[in-house]
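> Got a predicted structure plus its sequence, pasted below:
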Amino acid sequence: MRIIELNENSKKNLLEDLLKRSPNHYDAFADSVNRILADVKKKGDEALFAYTKEFDKADINASNILVTEEEIQEAYDSLENKELVTIIRKSLKNIKEYHEKQKQYSWFDAKEDGSILGQKVTALSRVGVYVPGGKAAYPSSVLMNVIPAKVAGVDEIIMVTPPGKDGKVNPNTLVAAKEAGVDKIYKVGGAQAVGAMAYGTESIQKVDKIVGPGNIYVALAKKAVFGYVSIDSIAGPSEILVIADESANPKYVAADLLSQAEHDELASAILVTTSRKLAEDVSAQVDQFVEELSRTEIMQKSLDNYGYILVADSMEDVIDTANEIASEHLEILTKNPFDTMTKIKNAGAIFLGEYSSEPLGDYFAGPNHVLPTNGTAKFFSPLSVDDFIKKSSIISFSKEALEPMQEDIRKFANAEGLTAHANSIKVRFEK
């Protein structure tokens, strides 16, 4: 891995380099996505089935688009790793317990003057979860997107995922969906699936919100339908940033950097450290691991494009850089990681100590692994129960409670030139 001295110029170049990975820079695909969405909106199932035939080479129609219980049972029976079901259930339990602590409840505040203010919390009625297919089929993502919606109390959760040429869905995906409690699973993917969930077709009912990762076409489709429905985020390529001092184990650091570099060629893996020796040791260890592990070509291209080891003069510079990058995953491998953590303002998920490696969060710990990318951790949060609820304000006043403020309200309204607003209050106190 390249080792660079951290200064203002190198930090600026790095940030500009990372921003190139943002889905906001892929407008060249937007015309194709918009055409697909317009077709689905106008033609419904007809367009849905035609695009599935064109892109996935699968013959899907109204009679087989919905995954049956028989197909789900077939998925269980065909699992190559029979232990996966047990592992999924253990992971599911941890994820559910964590997200149950995020639940919000309605509240009301009544005063003696007859006024009642409050907030009513209501779960969304219908949510659509997009799940990639093929080589990018990750059952862990099914759990992470579905469980918080279940905890929130969403009435119906549907899932869309592209089929193979044989019209079948990845069995790992089906098993995870069944265990998580998905209500309906549809064999359709790509921008056309996003359009179906956003607008509704003869086979797929419109949802209130779309969540889940996908390729650039899916990301741009979600961006385009925002407003017709809510979405979780426009996810970019995966990324990890490791903060480390001389106490860190270079083997652990190298292994953790590669855990993200193997995702795809646009993934980012960055170490920021105060130790030149650690930097050199990690670089050497990364080279060794790349030769030993699978997905060598992907990891190497990822490191060549967006892999960095930054050597800083002080831990203050390290922390400032971490806050500027606002990484999706942030590992802290320092003598006192909890103290370092208190200075971090921007990160999707923070992993503390040498036994809290990033894959722990991906699969098993419980917190959600759907995280803000491309610096959006400065203003976005991980997927949570909050993403599947909405809040309504409650206002109830008696005449006695309204009377002391009625004149102020009328003056406020008149100052804005809204005389009907003022009149709405005035009529209630006319003799």
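Thanks, I have it.
> May I have the distance across stretch 287-303, first residue to last?
Terminal residues of stretch 287-303 are spaced 10 Å apart (C-alpha to C-alpha, to the nearest Å).
> Neighbours of Lys277, how many?
For Lys277, the neighbour count with other C-beta atoms under 10 Å is 11. (C-beta placed from N, C-alpha, C; glycine too.)
> Excluding residues flanking it in the chain, which one is nearest it?
Leaving aside its sequence neighbours, Lys277 sits nearest to Glu246 (C-beta to C-beta, 6 or more residues apart in numbering; 6.9 Å).
> for that neighbour, what are its contacts?
Glu246 makes contact with Thr274, Ser275, Lys277, Leu278, according to C-beta atoms under 8 Å, 6 or more residues apart in numbering.
> Could you pick out the buried ones from those?
Thr274, Ser275, Leu278 (16 or more other C-beta atoms under 10 Å).
> pretty sure the second one is touching Pro250, no?
This points to Ser275. No: using C-beta atoms under 8 Å as the test, Ser275 is too far from Pro250 to be in contact (9.5 Å).
> Skipping adjacent residues, who's closest to Gly353 in space?
Pro337 is the one closest to Gly353 (C-beta to C-beta, 6+ apart), at 5.2 Å.
> ok, and the helix or strand in the protein with the lowest average confidence?
Averaged element by element with mean pLDDT, DSSP states H and E, the chain has its least confident helix or strand at helix 8-19 (a mean of 84).
> element containing the residue nearest the centre of the chain?
Nearest to the mean C-alpha position of the chain, by C-alpha atoms, centre = their mean, lies Val370 at 3.4 Å. Assigned by DSSP states H and E, Val370 belongs to neither a helix nor a strand.
> now Lys391
strand 389-396.
> Against which helices or strands is that strand packed?
Strand 389-396 sits against strand 116-123, with contacts defined as 3 or more C-beta pairs under 8 Å, 6 or more residues apart in numbering; DSSP states H and E.
> Which is the succeeding secondary structure element to the strand it packs on?
Sequence order places strand 126-130 as the next helix or strand after strand 116-123, per DSSP H and E.
> what are the pairing partners of that following strand, and which direction each?
If you go by DSSP bridges, strand 126-130 pairs up with strand 156-161 (parallel), strand 209-211 (parallel).
> Quick one: closest of the ones you listed to Lys12.
Among those, strand 209-211 comes nearest to Lys12, with 33.9 Å by C-beta to C-beta.
> what does whichever helix or strand comes after the closest one rub up against?
Moving toward the C-terminus from strand 209-211, the next helix or strand (DSSP H and E) is helix 216-225. Contact with helix 216-225 is made by 23, 26, 29-30, 32-34, 36-37, 130, 132, 189-191, 193-195, 198-199, 210, 214, 231, 234-236, as judged by C-beta under 8 Å, 6+ apart.
> Can you mark which positions in the strand holding Lys391 are buried?
Ile389.
> again, but for stretch 202-219
Buried residues in stretch 202-219 (16+ other C-beta under 10 Å): 203-204, 207-219.
> Also stretch 284-294?
Neighbour counts using 16+ other C-beta under 10 Å place Gln285, Val286, Phe289, Val290 of stretch 284-294 among the buried residues.
> Can I take it that the last one is in a helix?
Meaning Val290. Yes: under DSSP: H, G, I helix; E, B strand; the rest coil, Val290 falls within a helix.
> mind checking how far it is from Lys335?
As defined by C-beta to C-beta, to the nearest Å, Val290 lies at a distance of 29 Å from Lys335.
> go on, the first one?
For Gln285, the distance to Lys335 under the criterion C-beta to C-beta works out to 20 Å.
> Likewise for Val370?
31 Å.
> With Val253 instead?
Computed with C-beta to C-beta, the distance linking Val253 and Lys335 is 15 Å.
> between these two, who's got more neighbours?
Between Val253 and Lys335, counted using other C-beta under 10 Å, the more crowded position is Val253 (25 against 10).
> Can you list the residue ranges for helices in the stretch 251-400 of the chain?
Secondary structure of the stretch 251-400 of the chain (DSSP state H, counting those that start in this stretch): helices at 276-292, 296-306, 315-325, 337-341, 358-363, 399-415.
> Out of the ones you listed, flag the one nearest Thr68.
helix 358-363 (28.6 Å).
> ok, now which ones touch Gln260?
With C-beta under 8 Å, 6+ apart, Gln260 has these contacts: Ser238, Glu239, Ile240, Ala267, Ser268, Ala269, His329, Glu358.
> Buried among those residues? Make that a ChimeraX selection.
Buried subset of the contacts of Gln260, written as a ChimeraX selection, criterion 16+ other C-beta under 10 Å:
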select :238,239,240,267,268,269,329,358
